[in-house]
Each structure stands twice: as structure tokens, then as C-alpha cells.
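Engineer: Structure, please.
(one chain, ligands or ions: 1)
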Amino acid sequence: MKERLEALRDEAIAKIKEANEIKAVQDVRVSYLGKKGPITEVLRGMGKLSAEERPIVGQIANEVREAITAELEKKLTALEEAEIERKLAEEQIDVSLPGRPVARGTRHPLTAVVEEVEDTFLGLGFTVAEGPEVETDYYNFEALNLPKDHPARDMQDSFYFTEELLLRTHTSPVQARTMEKFEGKGPVKVIVPGKVFRRDDDDATHSHQFMQIEGLYVDHNVRMSDLKGVLEAFAKSFFGVDRRIRLRPSFFPFTEPSVEVDVSCGMCGGKGCRVCKNTGWIEVLGAGMVHPRVLEMSGFDPKKYSGFAFGMGVERLAMLKYDIDDIRHFYTNDVRFLSQFKRV
Ligand code: DAH
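Structural biologist: Residues are numbered from 1 along each chain as shown. Purely as a prediction, here's the structure:
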């Protein structure tokens, strides 16, 4: 019996040594130490042994079982460690490998221009205000001194939802909305970027939707010279320090006096060339002193307050600055066009 047990032990240990998977080791455990295994079977026959032999065989049986169990544990631990090692090796990351290139988008040129203009005016003490794109007839026209049958309304062909509701044709209605919020107390000093809409046929220089930036400064003793100084600072900052501006008399119902503002041509320096159509000047925006009626309608006393306002087209600014010849490039979103503004 002793020999039989020792033979079983050697057999089991040999099988454990051979096994190279956890599952195979567990199979050995079941087949040798399990209830139906040969060792159990040997022990069952112990009843037939004499009283002296029984404890000796019992002890051997225990030793055999312990030897097999120890070998099982040892092998399992070894296999588990090997498995961890294998996984670690497999999942190793080579931190020295070059990374995959990340495709980076670019800021849209219109966004870049709006942000640049905002920065300049923030530096001059303005804050940024906004207003709705769907506007009432009152704010888009009436509050800007364009009463219902005013002929100047024809200047702006509009998209109407109802008789009273339309897509704003300019950012000027935000002048009235902002002044109302200040309840007759200055200073009001805002710029207003935003989308505007007009019933124009799209071509190289017209778009039914485009962007404007409005400016408004209302306070005690705001003068035309303040307007000129602010616009000159803006033009030099946006187009270059060597640029000059000039004001030409014009007409807008919401300003009096009104001006058209030109900037000296960057191509010829003012001498006259193809770009400026030989005038030396390029028109960039409309401006003026806020009409007393407009101040009054939005709750400011024109005897105590005065102000200036201006409005400019963002696409036009971008086209002049980056020499873009077709406004439609801004909306067709061809990446060959857009990716040229990577560093802007
Ligand atoms: N709202 C005018 C337009 O869309 C632009 C403009 C002109 C705005 C003069 C102003 C201004 O604030 O003072 O054509």
C-alpha cells in the first residue's frame, strides 16, 4: 500500500510538472485528490489493514496528499506569475514611439476678425453686448428713427415673418435695446457683433446673411472728435499703424451728423491703384453722432447726453485685410480656403 501511494504521488507530481496551463493543474487536483481519485480509493481499503499498519499508512497517505497539494500550489503560483508577466510584456507601451498626428481645426476667419475687433475695443473700455436675430419692427426701424413710411426703409430689403417681426437687417437695434437697459444713465459703451439678414441676391460682394459689428458710446459730452479718435485707433490696430482714416458726410436716419469712414489704401499707401479704384481710399464703415430722437426714444435725455455710433461689415473687414475677392468663400467652408487662416 505504501508503494502504491508513493507511486501515485510520483505520478501526480510528474503530471503537475508537465502541466503548463492552470486548467491542466486543476484537472490533476481533481483526478488525484478528488473523491473518486485513486488516493481516496486506497484510503477506503484501509479497513482491511491491521491495527499497527493503519496509522502508518494513514500518515503516509497524509504526507502524499500534502506533497501533491504543495506541488499543486507551487505550480499554480508559478503559472499565475507567468501569466502576469506575459500580460505585462504584451501590454507594454513604448513611450518613445512618435505620437499620431492630431488634425487640428482652425478658427473661422470671421470668428478671428470678430475676436480681434472685440479685443481692440475691450482695450478702449467697451464691453460686448448682443441682441436677437429675430427682431421687432420697433427696434429694427422705429427706435432708430425710421418711422413706418420712412423712405430710408427701402435701403434695407428685409425678411419678414409677420408685419411686426423680421430678421434684423443690421445690428443697430441693439443700440436701442442696450440704452433701454441703462435706464437713462450713462456711460453706455458697447460693441455688438452679430449676424444680419437682407433680401439681396448673393454674388461676390453680397450675401443675404452677413455679419456686422455695431459700436455705441453714450455719455456726457461725447463729441465727434471722440468718434474720430476711436475709429482711428481701431483702423491702425486692425489694418496697420501706417493707415489713416477720413470721414465723409453721409446720411443715416439714426445719426446726425452721419459719416462714411474710409481707410487709406494699404496697397498703394493712398496714391491710387486698382484696389482703391484710383481714389487712395477704401470705405470701411458708417458712423455718426446718435440722433437726439434716438437717445430720447430709448430713455436718454439728449440735453444731458450725447453719443456716437458706428456699424461695420465683418466680411468686408476680413476681405480687405486678407485680400479675399469673394464673400461666398466665408460660407462654402472649403477647407482649402479655411486652412489658410491657421495662424490668424
Ligand atoms: N446700420 C447701418 C447699416 O447697416 C450701419 C451704421 C451706420 C451703423 C451708421 C451705425 C451708424 O451705428 O452710426 O448700414
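
Engineer: so what's the residue of the stretch 101-250 of the chain found nearest the ligand closest to, chain neighbours aside?
Structural biologist: Of all residues in the stretch 101-250 of the chain, the one sitting closest to the ligand is His170 (3.3 Å; Cβ to the nearest ligand atom). For glycine as for every other residue, the C-beta is placed from the backbone atoms N, C-alpha and C. Closest residue to His170 apart from its sequence neighbours, by Cβ to Cβ, 6 or more residues apart in numbering: Val196 at 5.3 Å.

Engineer: before we move on, which element is the one you found in?
Structural biologist: strand 188-197 (DSSP states H and E).

Engineer: Most remote residue from the middle of the chain, which is it?
Structural biologist: Distance from the C-alpha centroid of the chain, by Cα atoms, centre = their mean, peaks at Ser50 (89.5 Å).

Engineer: Next up, identify which helix or strand Glu256 is on.
Structural biologist: strand 255-264.

Engineer: got it, and Tyr139?
Structural biologist: helix 137-140.

Engineer: Repeat that for Arg246.
Structural biologist: Using DSSP H and E, the element containing Arg246 is strand 245-252.

Engineer: Relative to that strand, what are the paired strands and their orientations?
Structural biologist: In the sheet, strand 245-252 lines up against strand 255-264 (antiparallel) (DSSP bridges).

Engineer: Spit out the contact partners of the spatially closest residue to Val190 that is not a sequence neighbour.
Structural biologist: Once flanking residues are discounted, Val190 sits nearest to Ala129: 4.1 Å by Cβ to Cβ, 6+ apart. For Ala129, the contact set (Cβ atoms under 8 Å, 6 or more residues apart in numbering) comprises Val174, Thr178, Val190, Ile191, Val192.

Engineer: Output the strand holding Arg246 as PDB, nothing but the C-alphas.
Structural biologist: C-alpha atoms of strand 245-252 as PDB (Å, rounded to 0.1, in the frame of the first residue of the first chain):
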ATOM      1  CA  ILE A 245      -8.800 107.500 -41.900                       C
ATOM      2  CA  ARG A 246     -11.000 110.100 -43.300                       C
ATOM      3  CA  LEU A 247     -14.700 111.000 -42.700                       C
ATOM      4  CA  ARG A 248     -17.100 111.900 -45.500                       C
ATOM      5  CA  PRO A 249     -20.500 113.400 -44.900                       C
ATOM      6  CA  SER A 250     -23.300 110.800 -45.400                       C
ATOM      7  CA  PHE A 251     -26.800 110.100 -44.200                       C
ATOM      8  CA  PHE A 252     -28.300 107.600 -41.700                       C
END
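
Engineer: related to what we said a few turns ago, how about the residue farthest from the centre of the chain, secondary structure?
Structural biologist: coil (DSSP: H, G, I helix; E, B strand; the rest coil).

Engineer: And the helices in this protein, which stretches?
Structural biologist: Here the chain has its helices, by DSSP state H, at 2-18, 22-33, 38-44, 53-90, 109-123, 137-140, 173-181, 224-239, 292-297, 314-322, 329-332, 335-338.

Engineer: re the thing from before, mind listing residues that contact the helix holding Tyr139?
Structural biologist: By Cβ under 8 Å, 6+ apart, helix 137-140 touches 131, 158, 163-166, 168-170, 172-173, 176-177.

Engineer: what's around the residue nearest to His170, how many residues?
Structural biologist: 25 (other Cβ atoms under 10 Å).

Engineer: partner residues bridging it?
Structural biologist: With DSSP bridges as the rule, Val196 is bridged to Phe210.

Engineer: Per-residue pLDDT of it, please?
Structural biologist: Val196 is assigned a pLDDT of 97 by the prediction.

Engineer: Ser31 now?
Structural biologist: Taking Ser31 on its own, its pLDDT is 85.

Engineer: any low-confidence regions in the chain?
Structural biologist: 151-152, 154-156, 343-344 (pLDDT under 70).

Engineer: near the ligand, which residues of it?
Structural biologist: His170, Ser172, Glu214, Phe252, Thr255, Gly286, Ala287, Gly288, Ala309, Phe310, Gly311 (Cβ under 6 Å from any ligand atom).

Engineer: Most neighbours among the residues you listed, which one?
Structural biologist: Result: Ser172 is most packed of the residues of the chain next to the ligand (other Cβ under 10 Å), 30 neighbours.

Engineer: ok, now which ones touch it?
Structural biologist: Ser172 touches Asn140, Leu144, Glu214, Phe254, Ala309, Gly311, counting by Cβ under 8 Å, 6+ apart.

Engineer: repeat that for 10 Å
Structural biologist: Contacts for Ser172 (Cβ atoms under 10 Å, 6 or more residues apart in numbering) come out as 131, 135, 139-141, 143-144, 146, 192, 196, 212, 214, 216, 252-255, 286, 294, 309-311.
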